[in-house]
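Chemist: coordinates only, sequence not included:
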């Protein structure tokens, strides 16, 4: 039996080359997008927590000063 080598077409080679470049880039884009979304959400949550701590502190200061003020 004679082995027959099948010729790979130029179109097939081109599609393989294009896909081998674009698929990893798409995966990298997805990973980067998910990571940056998570990082952004963490920063927003931290900012909100600092704001709440600040406002709670201001309320406590206001309550503390209100206790020591005698009505006239």
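Modeler: Done, it's in. As the structure is a prediction and not an experimental result, all values here were calculated from the model.
Chemist: for the helix or strand containing residue 44, packing partners?
Modeler: Remark: residue 44 resides in helix 10-68, with elements defined by DSSP states H and E. Under the contact definition 3 or more CB pairs under 8 Å, 6 or more residues apart in numbering; DSSP states H and E, helix 10-68 sits against no other helix or strand. Using the backbone N, CA and C atoms, a C-beta is placed for each residue, glycine as well.
Chemist: That one: how far from the chain's middle?
Modeler: 4 Å (CA atoms, centre = their mean, to the nearest Å).
Chemist: Average pLDDT for that helix, rounded please.
Modeler: For helix 10-68, mean pLDDT is 92.
Chemist: centroid residue for this structure?
Modeler: Using CA atoms, centre = their mean, the residue of the chain that lies closest to the mean C-alpha position is residue 37, 2.0 Å off.
Chemist: Residue 44 versus that residue, what's the distance?
Modeler: Distance, residue 37 to residue 44, using CB to CB, to the nearest Å: 11 Å.
Chemist: One more: residue 11?
Modeler: From residue 11 to residue 44 the distance is 48 Å (CB to CB).
Chemist: swap in residue 18?
Modeler: 38 Å.
Chemist: Same question for residue 38.
Modeler: For residue 38, the distance to residue 44 equals 11 Å [CB to CB].
Chemist: Likewise for residue 25?
Modeler: Taken as CB to CB, the span from residue 25 to residue 44 is 28 Å.
Chemist: Need the three-state assignment for residue 7.
Modeler: State at residue 7, reduced to three classes by DSSP: H, G, I helix; E, B strand; the rest coil: coil.
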